[in-house]
Every structure is written in structure tokens, then in C-alpha cells.
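Enquirer: got a sequence here, can you model it:
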Amino acid sequence: MVRRLLFPALCFFIVLLAVHTGRAADTERRIPGDDIRKALHTLFDEIKDRPVAKVSLEETLEPGVRPIAERYPEAIVRLADDLSIDSLLARPEINTSVFLEEKNHLTAELWKIYFEQETEGGWVAKRFKPLIRANVGDAFELSKDAMYAFDSLTVRRDSAEFHITGGYILPATATGIVGRAVIFGMGRFTFTAPNRVERQQLAKYTRRTESPFTESFTQLVLILSDAGYRDLIRDVALRPVRSGRLFDTAKLLLRRVEKDYVTDVGPTDRKWSFAPTHPDYLRAEFEMTSTPSWLVYSYNPFELEEVSLIQKSGFPRNFKIKPSILWCHFSRTQTTDASGTTVEEPSATALLNIQSYQIVGKLASNKKTLKLRTMVTVSAREDSVQTLTFMLNDKLKLRRVDYADGEGALLIRQGAFVSVPLLKPLERYEVTRLTLWYEGDIVRQLDASFFAPLRNEDWLPQHSNREAFVFDMEMHTPKDLSVITTGIKALEYEDEANRVTRWQALQPITLMGLTFSQHRTVAAKAQGVDVTLYTAKDLLRTSSREKDILKLVDETLPFFTESFGEYPYKKLDIVQMPDNLEYGQGFPALLMLWGLYFRSDYFLDRDLSTTKFYNVKQFFKGFLAHELAHQWWGNVVVPKTYRDAWLAEGMATYAADLFIEKAIGQKEFFGMLESHIEQARYADKEGAIALGSRLRQYYQPVVYDKGAMVLHMLRQVCGDELFYKILSTFYQTSFRKLITTEDFQRTTEEVTGRDMDWFFDQWVRDIGYPVYRTTFTSRKNGNSLYSVQCTISQEQEGRIFTMPVPVRIELKNGETVETVIWNDRKYHTFEIVTPDEVKKIETAPNGAVYCGVTG
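Expert: Below you'll find the model as predicted:
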């Protein structure tokens, strides 16, 4: 069975049902758009919110297509209020999205409406032709005539099994299709986590160590496809029953569960749910008998990590007060589907690749409303892509979408998801484009001169969050504001009302920052790169660190270039954010940094809060170095999934450490390492580096700090020469690619010629750290030398770690002897000869190993 990766995992699966298209050449005269708008308003007044039977407009049908009154005999016509029509039209015809609302089903159709001019000069809608239709949503209902008793029933999907005895099952349908099932009985849930990372998470949340995990239940709600339901009850003896109490209980339970899966679909007033189509899709919710919480087991064939286990609260639910907790999430462990057919590996990427954005925007005079027209050029990564799906900030009102030929597209908006069914499927590598018109009050002024920065997800339609694209943007703003964004400024001028700037990124990027400001600028060159500082207008030059920052850039750029590879952009903009934004952001060729960082009258090593910034002494150099390092790690070499985030944040953190070592010295560098160890050990038990964003509030100490220590330990294992070769090779071979931890491990093994499974398994894919204790005895030899017998023991519980462990022996005469011991056992004894008696022994000094030391 060929599996299709749908991104994102939609609340609604859009099913393309029919394709008909055709367009004549532009040979007719241009028609005033306002005339057509008036005629369309008249038509909408006649049919909007009315039964299909009231639609008197003549319908043009393809052979075999039934009339609308037969397709939807009891439907109500729903239409959007916004009628965006061009000022001039080539022909008196337009496409418009029409929604047909039935009792339990919602369908969308794209109609081409044809207008004719009447003798007195006005225009009127005369006929329409349905071009395409899509299933949009369903409302599932139980039936008193469909309640069954059974003796035994088993549900299996990949890592989970539900076994119920002495129970009842009630299927819920919409238009005759099963999409839900409510089950009562004595149930047993069995779940097996596939690896150390997920087993550790399961044990953390359940406080149980046994495997597999089991839990009993008495009620279960399934979300599944019609085919999945048929497969479920195959060979199960079902006996019809009638019970008003059973039905009422099931109805209430289904209604409560469904609230989590319904969403608004404009222009209807109802919330709609989705009907799964894949036979293996399953989402199972049940109340645990051991706690008042619910568990949700999911198997979604359309996700790269198909299996998940989530804890929810009981009813009523308020996710803002008590959010869901993701216990486990991983790729399937079985290689066959429910029918026994071998399942192919999922695509490594999303269905679409966004190649470019062409943007025309205007910031209104209120400095809140941003109006945008964005042309998105996409290519298909698979064959037969029938629907283009995007995410768009749900605070933005989407007014119109056009196909590549300029004709109106079928537009389906479901919360933050936008789906556009195509008139003709895209084949692999085929390119098309859509143009979207949208607007919203998404710009926030944070202080007198700065507006909150916007990231991709705030204002751009996205298919995935890691696409590499180019862009061309023309932005109109009030004259007192400047635009700052990623890319090169190609043009700037003022017209009567606005300042107009044009920006371009001709090299692919993955993250596009955008803000508006009233800054002053300082320009300079650093290693041939154009550097521009944007600082607040009210910042006195005598209180500014502008010169110090430019000098620091001039020091940092060549170091990173020598260490990793050439700086990947032609410019670097550095923007001062407000004082209350205590963080930095490293967009491509654009750094946005905390406001107080720019103020020389704010003493970083004195005034910084040590609870937030524990490396205050190196903050000035380290803060900028970290964000600048993202130009290599994060913006050009891009983590593919949340599990690989440490290759951006851990890399940037350790890159800043390396710069501190170069610019200030080893003492300060060792201090940075000790800080990382302290922070990471505090959060270590919460999960492995490979959990990435799933670590939630422990993300920074594990991904940043432990990630940096993993790189430092790799340096200890390989030595400086091979370590820097690994980094430069990885940067060169991964340039503008999505990368994984496995890619980095592969590069490490190729450069070193060694198997590194042991290293990545214990430091990236597992938790814990060694706790070293060193004891020694010594005796004097006849030649005035001392024979010292040392034993390094690992005192921690659990696994034994493998690492080269530096040992520093301080002698009573003031001399020191240093050696490195390859330690891979609980007790490791070695001998060394010293010229004097031993005073003390230090194990893993100067932050050499992520560890604890006792004794």
C-alpha cells in the first residue's frame, strides 16, 4: 500500500470528488468589476441561506453529473459575505465557493457563474457550472437502531491493543458512513514503548517501570474510518440490543469527546468534525480506572511519527487551565497494515515544497492592520496531489484565493488550516501557484520605536515550517516607519501617502523575520559583509554600545568562518528590541537582540539577573555570538524535526563557548562548561535531548546546555583537528538542507572512521550521566618515584557510561600530572608513576565530561 503524507494532520480530510475545467482565451472586452459585483450581490441575496430547491439559476452540467437538487435535496446554501472581485474582468464570469449544508454533512463546490448584460445595460447572473466539489465536514450521530452486544472484541494498532469483554458497541454515522464508535465493557489497554527515550517518558508520567504498560477501562470512544469499523467487527458476533439508558450514556459521552475534534468552517454557523478515510487511522479515547484522567492513543498513517499517547483531563475540559500532556510519540513499529499489506516508508518531507513568495503588503495608518497579497509558488513532492493545504494565522481574515490562471479557487478555511482543492492534480515536481488576499490586526507596537517581530507562522501561509524559499516583497508603510526584514533592500522611496520598500531574498531561506521600527542606523563592513545596526532613536550615542557591537561582529565573523565555513549571506542587520524582550532571535542575515544589550549604562556583569542569565560575565560576547552562530546552525543547516533541534541550539551555544575560549581564554571557557553541566543536570531526568520541544519548560537546559556539552565531549573523544573537520564537513555537505541527528552521526563516523553508536546512544538518545568517584593509594619506590594506584568508579544507578575521562593529579610539591583514562566499566583501576607524593586527584576537571563527581 502506498502511503501519502498529508501535512498538516488536518482536523478535516478534504476528499476530491470531481474534476472539470476549461477556460477560453482572453479575447473578449473588459467588463467593469463593479457591475458584476452588483449582479453577484443580487444573486447571493436570492440564494444565500436558502434551500437548494430555491436555486433557480440555470445549471450547466457535464455528462453523468446530477443536478444540484438531486445532489443535495435537503441542503442549505451557505455563502461567504466577502465578494472580492477585480476592478476589470476579461469575461463576464467568475468562480465562487459555495457550501452545501446538510443535516450531517457539509460539502463545498466551486461554481463558475456566467453573467449576461440585459437590454437596459445592467448585468445579471444567468447560469452556473459546478467545477469541483470536496467533502468538508461531518456531524456524527448514534442511532437507537444500531446498538450491539458482544462477548469479546479486540482493537489493535501498532504498539497498542484494546481488549474488551462483555460489552456493547454503538457506531456513529454521517450520511451512512461510520466515523465513530462508542464501546462499553470490561476493557484492558496494553501499550509498548519501542525505545529507551519513549520508555523513560512513559515511566516519568505513569510512575511505573513495568513494560508493557497496561490500564483498565470501562468506556472507550473510537475515531476511525468506515473501512476500519468494518474490519473491527469482522468475525465478531454482534447481537442487537435496545436500551434507552445505554443510548443516552453513549450520546453524552460522544458529544463530550467530539468537542475536541470539531472546528468552525466558514461560512457556516456550525462546528464540523472530520471523517477519517484511511482504513488504519485510529484515535481511541478512554477513561483510566486508576485516575480521573483520560488517555488518547492515536495511530495516524499521515504523520511521520504515526503513534502517539496523550493524557487529557476529565470532563468538562479546559485546555488552557489543564493542557494535554504528550506521553509518547514515535514512528510505527510494525511493517504491515491491518490487512497484512506491507506499508511503504512515509515521505521524508511534506507533500508540497514552497519555492517562493511574492508579497505586496500595506501597514494601515493605525499601525495595526496589515493587508497582504501573497503569491505562493509550490511544487509537488508526490504524484496526484489533489489539494494544496496551508496553515495561516487564524487572526488573519482570508478574503480570496486565485489559481495560477487568475481564476477564483475553491477556498475551505478550517481554523488555522486553509485547503484549496485543485481542478487538476499535480504530479511530482509539477509547479503551480496560488494568490491569497488576507488581512488582520497582527502588528503590535511594543514601545515608541519598535513593533513586535513577526515570524513565518504569524503572517505567511505555510505548508511545513522548514521549507526553503526565496521571496520578493514590496511593503507600504506610514512614512515614519521603516521595514526591517531578512533579505536585501532593493528599493526605497516615498509616494504621497507611504514609504515603499522592496526586499528580496534570492538565496533560499527557511525563516523570514519582519518588523517595523523608527530606529536610527549605523552601517559598517565586517569581513566584506555589510553590517547595519538599527538602534532606538532615543538612545544617546554616549550611552550606546554600537561601536562595541560592531567591533564584536568583526571579531566573531572571521572566527566562525574559519571554524565552520563561509558566512552564507551578503549582509547582516542587527536590531535593538525593547528592553522588556529579554531574548535574542537569529533570523537569516538578521539578528534581533534585547534592548538593554545596546546600553553601555547597563552593566551586564553587575545588573543582569543571575536567575535568568547564569553566564553574566561572558554575556556581552556570548549573547551575540550565539545568535550569530545561527546563521550557520539553524538558518542554513536546518534541523528536520523537533528531535534534531539540538543541532541548531546546542551548536549555537557551543559555538559561543568556542568563541569565548578564543577571545577571552580557557578559564572563562571552562566556566561556561561548568554552567552548562549545572543547568543540564538539574533537568536531566525530564528526558533525552532527542525529545526536543517535548521537554517543554526543560527545553533550554537539555537542548541548549546538554547539547553544547555533547559537542564538547565529542571534541574530547575526537581531538580538535577531527572535531573541527566534522563541523566544517557537516556544514558543507548539509548546506541548505534539512538534517537529522543520524546525518550528523554519519558525518562523524565518516570523518573519524569510527563507530559512534555508543556515543550518540548514551548522550543524545538517553538520559543520565556518570557520577565519578576516584580513590587512590601510593607507595614510594626505591628510586624516589611514587607508584600510584587509582580506581575510578561510576556511582550512579543504571547504565554504565563510556568516555575518555581526564584525570589531574596534584602533587605535594606543587606539580601536576595529567592523563586520560578510557573508562567503560563500573570500576576501573590504573597505575601511574609520579615524582612526588599525591596531594589530591581531580576527575573530569574543567567541565571535560557531563558528569557528577563525588568523594
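
Enquirer: which residues touch residue 286?
Expert: 162, 187, 189, 217, 219, 220, 221, 294, 295 (CB atoms under 8 Å, 6 or more residues apart in numbering). C-beta coordinates here come from the backbone N, C-alpha and C atoms, glycine included.

Enquirer: my bad, should have said residue 569
Expert: With CB under 8 Å, 6+ apart, residue 569 has these contacts: 507, 529, 588, 589, 631.

Enquirer: quick one on the thing from earlier: just the ones of the contacts of residue 286 in strands?
Expert: Among these, DSSP state E puts 162, 187, 189, 217, 219, 220, 221, 294, 295 in strands.

Enquirer: in the stretch 151-300 of the chain, where is pLDDT below threshold?
Expert: Scanning the stretch 151-300 of the chain for pLDDT under 70 picks out no residues.

Enquirer: quick check: the nearest residue to residue 539 once chain neighbours are set aside vs residue 444, distance?
Expert: Closest residue in space to residue 539, ignoring its immediate chain neighbours: residue 598 at 6.5 Å, by CB to CB, 6 or more residues apart in numbering. From residue 598 across to residue 444, the span is 21 Å (CB to CB, to the nearest Å).

Enquirer: check residue 739 too.
Expert: 34 Å.

Enquirer: neighbour-wise, which of these two wins?
Expert: Ranked by neighbour count (other CB atoms under 10 Å), residue 739 and residue 444 place residue 739 first, with 20 against 12.

Enquirer: bridged to the more buried one, which residues?
Expert: Beta bridges link residue 739 to residue 639, judged by DSSP bridges.

Enquirer: residue 367 versus residue 702, what's the distance?
Expert: 39 Å.

Enquirer: low-confidence bits of the chain, can you list those?
Expert: Along the chain, the parts satisfying pLDDT under 70 run over 1-29, 335-349, 465-466, 603-617.

Enquirer: domains in it, by residue range?
Expert: Following automatic domain parsing, the chain resolves into domains at 15-137, 141-330, 349-513, 519-602, 632-763, 771-854.

Enquirer: quick one, which of those domains gets closest to residue 623.
Expert: Residue 623 lies closest to domain 519-602 among the domains of the chain, at 6.2 Å (CB to CB).

Enquirer: and residue 289, helix, strand or coil?
Expert: coil (DSSP: H, G, I helix; E, B strand; the rest coil).

Enquirer: give me the number of neighbouring residues for residue 136.
Expert: So residue 136, with other CB under 10 Å, has 24 neighbours.

Enquirer: which residues touch it?
Expert: Contact analysis of residue 136 by CB under 8 Å, 6+ apart lists 12, 14, 99, 106, 107, 108, 265, 272, 412, 414.

Enquirer: same thing but 6 Å
Expert: Going by CB atoms under 6 Å, 6 or more residues apart in numbering, residue 136 touches 106, 108, 265, 412.

Enquirer: next one: residue 402
Expert: By CB under 6 Å, 6+ apart, residue 402 lies in contact with 408, 409, 435.

Enquirer: show me which of the contacts of residue 286 is closest to residue 32.
Expert: Looking across the contacts of residue 286 and measuring by CB to CB, the closest to residue 32 is residue 221, at 55.0 Å.

Enquirer: partners of the closest one in the sheet?
Expert: Taking DSSP bridges as the rule, residue 221 bridges to residue 182, residue 285.

Enquirer: that one contacts residue 284, correct?
Expert: No. Taking contacts as CB atoms under 6 Å, residue 221 lies outside contact range of residue 284: 7.3 Å.

Enquirer: which residue ranges of the stretch 51-200 of the chain form helices?
Expert: Listed in chain order, the helices of the stretch 51-200 of the chain (DSSP state H, counting those that start in this stretch) span 68-71, 196-206.

Enquirer: save the ones you listed as JSON lines, and put in mean neighbour count too.
Expert: Shown next, in JSON lines, are the helices of the stretch 51-200 of the chain (neighbours: other CB atoms under 10 Å):
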{"stretch": "helix 68-71", "mean neighbour count": "15"}
{"stretch": "helix 196-206", "mean neighbour count": "19"}
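
Enquirer: is it possible to export those to JSON lines including distance to residue 794?
Expert: Below are the helices of the stretch 51-200 of the chain laid out as JSON lines (distance: least, CB to CB, whole Å):
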{"stretch": "helix 68-71", "distance to residue 794": "72"}
{"stretch": "helix 196-206", "distance to residue 794": "18"}
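
Enquirer: nearest to residue 388, out of those?
Expert: Shortest distance between residue 388 and these, using CB to CB, is found for helix 68-71: 24.5 Å.

Enquirer: so how far is that closest one off the chain centroid?
Expert: The chain centre lies 42 Å from the centre of helix 68-71; the measure is CA atoms, centre = their mean, to the nearest Å.

Enquirer: what's the answer for stretch 703-717, then?
Expert: With CA atoms, centre = their mean, you get 24 Å for stretch 703-717.

Enquirer: cool, and stretch 732-748?
Expert: Centroid separation for stretch 732-748 versus its chain: 19 Å, with CA atoms, centre = their mean.

Enquirer: quick one: which of the contacts of residue 136 is nearest residue 312?
Expert: Among the contacts of residue 136, and counting by CB to CB, the member closest to residue 312 is residue 265, at 23.7 Å.

Enquirer: residue contacts, that closest one?
Expert: Here residue 265 is in contact with 136, 137, 272, 414 (criterion: CB under 6 Å, 6+ apart).

Enquirer: cross the residues you listed against strands and list the overlap.
Expert: If you go by DSSP E, these have 136, 137, 272, 414 in strands.

Enquirer: find the nearest non-adjacent residue to the third one, please.
Expert: Ranked by CB to CB, 6+ apart and with sequence neighbours excluded, the top spatial neighbour of residue 272 is residue 137, at 2.7 Å.

Enquirer: just residue 730 next, same as before
Expert: Nearest one to residue 730, counting by CB to CB, 6+ apart, is residue 747 at 4.5 Å.

Enquirer: helix or strand: which one has that neighbour?
Expert: Using DSSP states H and E, residue 747 falls within helix 741-752.

Enquirer: who are the packing partners of that helix?
Expert: helix 720-733 (3 or more CB pairs under 6 Å, 6 or more residues apart in numbering; DSSP states H and E).
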